[in-house]
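Novice: next one to model:
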Amino acid sequence: MTEEPARTEHLRKRKAWTYESPVAPPFADFRAGGERRRLFLKYWLHDNIDNVFDIAMFFALKLLPARDCSNLGAFLGRFSVPRWHKAQQSRAKENLKALRPDATEAQIEALLLAYAESQGRQMTEYSVVDRLARNACGIRFHGTERFAERCEQRPVILIAAHISNWEVLTHCLVNLGLVVTLNYDPPKRRARHWIVNRVRKGGGLRLLKPGRHSVRPALRVLEENGNLLIFCDEGFNGRMRAPFFDNPPHLEGNYALIARMARKTDALIYPVYLERDHGVNFSFHALEPFKLPPEEKPGDRLADDVLLLNSVIEPIVRSHAAQWYFIDNRMPDRHKS
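Specialist: Numbers count the residues shown, from 1 in each chain. Sure thing, here's the model as predicted:
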């Protein structure tokens, strides 16, 4: 007997998001005073203090050997998180307990230290991503036999999570012989947006425009038998949106987007992730690719497709919770549908 597909009418659906790049306020706003002056000063003065610092640190850290740069990030994470990010640390601790219910208090504290180091390493490593990815002795590859060959002459959606250093992951994909197009959400700070674009384009990635304007170009990539990389785990407004972690499913995140695009283009779904073994040593994992099960009518299995994708991504995140970028976000509201 065939199980009836889950219905999707009651599930929360994603609203189209339009990305608008920041517009520089003219000097007339400063002369106007009031709120317009405040926004002018924020854009040209206050924000640019942070922007100058971010860019200066990005280039300064390039002067260090990759290992020293990463170790500096680990030190900064250990030092700054308990002092200046206490709310995030507290949420991370509660979330680690929820995801690792059998862990002892000592194990949780060890995971919390690993979380702080991971956050710090990931930030400073932006300056040396290319060197980390080129270090043949520092990355072990698993499941990559015939990897590029299996992605040829067919549409492929690579799905991943923000584990350890996802920028190294994207460089590894290119180094394995793939032409990869990335769908991404930009950082809010202008300098950091510039940095990630520089790092990704320098590594050979092709970038789509953020927001809903990326959907048509993304479909075109797949229709031309290209490789599209989409991160499935998400934090939105400081709250985890994916994975679900035993909370009710929804259609607001990238799971639903991936399912729809895979159905439309008959794409192969290829899960990949990168874990940090220790220091600047990583393991790249390519899991077994799959296609979504057949459906009788378009959209009949959307909820089931979303749950299937979550069943692939959630175990990866759970088993590497301390290295997960969104571990210090708030858990989803339970029983909300």
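Novice: low-confidence regions, the stretch 151-300 of the chain specifically.
Specialist: Scanning the stretch 151-300 of the chain for pLDDT under 70 picks out nothing.
Novice: what about the strands in it?
Specialist: 156-160, 180-183, 206-207, 227-231, 234-236, 239-242, 268-278, 281-286 (DSSP state E, counting those that start in this stretch).
Novice: can you check which of these gets nearest to residue 189?
Specialist: strand 234-236 (16.1 Å; C-beta to C-beta). (Glycine included, C-beta is placed from N, CA and C.)
Novice: and of the strands of the stretch 151-300 of the chain, who's closest to residue 96?
Specialist: Proximity of the strands of the stretch 151-300 of the chain to residue 96 was assessed by C-beta to C-beta; the nearest stretch is strand 239-242, lying at 13.0 Å.
Novice: what's that closest one packed up against?
Specialist: When contacts are defined as 3 or more C-beta pairs under 8 Å, 6 or more residues apart in numbering; DSSP states H and E, strand 239-242 packs onto strand 234-236.
Novice: check which helices and strands the strand it packs on sits against.
Specialist: Using 3+ C-beta pairs under 8 Å, 6+ apart, strand 234-236 sits against strand 239-242.
Novice: what are the ranges of the helices in the stretch 151-300 of the chain?
Specialist: Using DSSP state H, counting those that start in this stretch, the helices of the stretch 151-300 of the chain run over 166-175, 190-202, 215-223, 254-265.
Novice: tell me which of the ones you listed is the most buried.
Specialist: Scoring the helices of the stretch 151-300 of the chain by mean neighbour count under mean count of other C-beta atoms under 10 Å gives helix 166-175 as the most buried, with a mean of 23.
Novice: before we move on, back to that, make CSV out of the strands of the stretch 151-300 of the chain and add distance to residue 213 and mean neighbour count.
Specialist: Putting the strands of the stretch 151-300 of the chain into CSV (distance: least, C-beta to C-beta, whole Å; neighbours: other C-beta atoms under 10 Å) gives the following:
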stretch, distance to residue 213, mean neighbour count
strand 156-160, 19, 24
strand 180-183, 11, 22
strand 206-207, 12, 16
strand 227-231, 15, 24
strand 234-236, 19, 17
strand 239-242, 21, 21
strand 268-278, 23, 20
strand 281-286, 30, 19
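Novice: could you dump those strands into CSV with distance to residue 41 added?
Specialist: Converted to CSV, the strands of the stretch 151-300 of the chain look like this (distance: least, C-beta to C-beta, whole Å):
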stretch, distance to residue 41
strand 156-160, 39
strand 180-183, 34
strand 206-207, 31
strand 227-231, 35
strand 234-236, 29
strand 239-242, 31
strand 268-278, 40
strand 281-286, 43
